[in-house]
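Enquirer: Provide a 3D model corresponding to the input given below.
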Amino acid sequence: MGIIANYQYLSNRNLKEMKLFYNEAVEDIEDVKDGNDDIEIQFGMDKMWDAMHFVLTGVGKDDAMENNPLSEAVFGVNSIKNSEEYIAYTQKSKVKDIVLALEDFDIEKALDNLNMSRFKKANIYPNTWDYEEDADKIREELMTYFQRLRDFYKKILEVNGNVVIIIC
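Expert: Numbers count the residues shown, from 1 in each chain. Down below sits the predicted model:
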């Protein structure tokens, strides 16, 4: 068992309800019924969320970058402060920027330069970077997760939705 990341479609109504539940400001949410409460688009990155962020940005979870669509693809734009686990959301207005950044990112080049010692030195979760012989397997896993993350955001863009990210 470990700390895993889950990404899910969120309608305007559900985003508003989540923010109200956590005593967050709700004035920036359209009060339009989007009729999409029953859409189910989700993606799980298991334990590779911090490694993915490191591949995309060169930094780990403690240095997540504001106004960086690649960082926001993994950690969201706004985090919920009154929660025991990490919960963040990205409103639909930011999804297109994330999709464009993911589409422009050269994942193959980034993974070609992958070095297990860099992950270990940066203290990237999960701490399994001692085995250089696993590098090809990890590259393949990160490539798969990258493609799924990009496809997830593309689907969210198609339905004009918001995203909730839970890491626990």
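
Enquirer: which residues touch Lys47?
Expert: 2-4, 125-126 (CB atoms under 8 Å, 6 or more residues apart in numbering). Bear in mind the C-beta positions are built from the backbone N, C-alpha and C, glycine included.

Enquirer: nope, Ile138 is what I was after
Expert: 51, 114, 116 are the contacts of Ile138 under CB under 8 Å, 6+ apart.

Enquirer: Among those, which are located in helices?
Expert: Counting by DSSP state H, the part of the contacts of Ile138 found in helices is 51, 116.

Enquirer: Any chance of TSV for the contacts of Ile138, columns pLDDT?
Expert: Shown next, in TSV, are the contacts of Ile138 (pLDDT from 0 to 100):
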residue	pLDDT
Ala51	96
Leu114	83
Met116	90
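
Enquirer: tell me the centre residue of this structure?
Expert: Centrality entry for the chain: nearest residue to the mean C-alpha point is Val74, 2.2 Å, by CA atoms, centre = their mean.

Enquirer: wait, that one sits on Ala5?
Expert: Yes - when contacts are counted by CB atoms under 8 Å, Val74 is listed as touching Ala5 (7.4 Å).

Enquirer: what sits against the nearest residue to Ala5 once chain neighbours are set aside?
Expert: Spatial nearest neighbour of Ala5, chain neighbours left out: Trp49 (3.6 Å); criterion: CB to CB, 6 or more residues apart in numbering. Contacts for Trp49 (CB under 8 Å, 6+ apart) come out as 3-5, 61, 74, 125, 167.
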